[in-house]
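Peer 1: Just the structure for this:
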Amino acid sequence: MITTLVIFCILWFLVSIIHILVDALNMNNEKSQNEHATMAMKSRNTDHIKPMRQEQHRPIQMRDVPEGSKTKKHPVIDGWDSLPG
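Peer 2: Okay, the predicted model is just below:
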């Protein structure tokens, strides 16, 4: 009974070590594949791809504020002047 238990524990230990080694080899293989993929992407010619057109933003207009305020000017944002209050 005890010998079968000892044999079972030794086999379990060997199987777990083999499993750890196989996982380590797979991770190393995936890492090298990822490196090859990134190198392939870096070497890909992207000169024919045009950059996306950036939206044109209107400059912020400044307007005068009465003399009693702390700041002389503040930005005018479209539509905010028509808000109630």
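
Peer 1: So, low pLDDT: which residues of the chain?
Peer 2: 33-85 (pLDDT under 70).

Peer 1: One more pass at 80, please.
Peer 2: Counting by pLDDT under 80, the ranges of the chain that qualify are 28-85.

Peer 1: S32: neighbour count?
Peer 2: A count of nearby residues for S32, using other CB atoms under 10 Å, gives 10. Placement of C-beta: from N, CA and C, glycine included.

Peer 1: and it, that one's in a helix?
Peer 2: Yes. When the secondary structure is assigned by DSSP: H, G, I helix; E, B strand; the rest coil, S32 falls within a helix.

Peer 1: Look up how far N26 lies from it.
Peer 2: Distance, S32 to N26, using CB to CB, to the nearest Å: 11 Å.

Peer 1: and what of F13?
Peer 2: When CB to CB is the yardstick, F13 and N26 sit 21 Å from each other.
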